[in-house]
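Peer 1: here is a sequence with its predicted model. Questions after.
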Amino acid sequence: MSRRDHPVLEALGVLALFGALVAIAPGAVLTFAAEHLLHAPLDVGQRWTFAVAGSATTACVMAWRSRSGWDGSGRYMLLAVMTSAALLVARFGVHAAWAAAMLREFVP
């Protein structure tokens, strides 16, 4: 079978990848900031690992500190969407240098 046989599966895969990238955006920003503030050179695998770990830790803390886990999860997803939107605007809307540097470091 060729890729053209399953355009719906391909679209779902792209949507799942986009959702995963949105979900780890807060951890990616934290990793990028920590790397530059501490002057600690990390390779791509370490950046992605710390981004996922930072996002998971942030989500767990937000869920634990809220009245219910669902409130915290909703707040985390709101934070993730707002972070992703800010990164997209900074990179493509106002052409900020730090957003381009962050993108370049996570995707060589």
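Peer 2: Received it, and whenever you're ready, just let me know what you need.

Peer 1: who's in contact with stretch 48-59?
Peer 2: Here stretch 48-59 makes contact (Cβ atoms under 8 Å, 6 or more residues apart in numbering) with 23-28, 30-31, 34, 42, 72-73, 76, 79-80, 106. All C-beta spots, glycine's among them, are computed from the backbone N, C-alpha and C.

Peer 1: and residue 29, what element?
Peer 2: Under the criterion of DSSP states H and E, residue 29 resides in helix 25-38.

Peer 1: now list the buried members of the contacts of stretch 48-59.
Peer 2: 23-28, 30-31, 42, 72, 76, 79-80, 106 (16 or more other Cβ atoms under 10 Å).

Peer 1: what is the distance between stretch 42-57 and the centre of its chain?
Peer 2: Its chain's C-alpha centre and that of stretch 42-57 lie 10 Å apart, by Cα atoms, centre = their mean, to the nearest Å.

Peer 1: tell me which residues in it are buried?
Peer 2: So for stretch 42-57, counting by 16+ other Cβ under 10 Å, buried means 42, 47-48, 50-52, 54-55.

Peer 1: now that stretch: mean pLDDT?
Peer 2: Taken as a whole, stretch 42-57 has a mean pLDDT of 91.

Peer 1: can you show me the helices along this structure?
Peer 2: For the chain, applying DSSP state H gives helices covering 7-23, 25-38, 44-65, 69-88, 97-106.

Peer 1: tell me the angle the helix holding residue 29 makes with helix 97-106.
Peer 2: Put simply, helix 25-38 runs at 100 degrees to helix 97-106, going by axes from the mean of the first three to the mean of the last three Cα atoms, to 10 degrees.

Peer 1: which elements pack onto helix 25-38?
Peer 2: Judged by 3 or more Cβ pairs under 8 Å, 6 or more residues apart in numbering; DSSP states H and E, the packing partners of helix 25-38 are helix 44-65, helix 69-88, helix 97-106.

Peer 1: quick check: buried residues in the second one?
Peer 2: Buried positions in helix 69-88, judged by neighbour count with 16+ other Cβ under 10 Å: 72, 76, 79-80, 83-84, 87.
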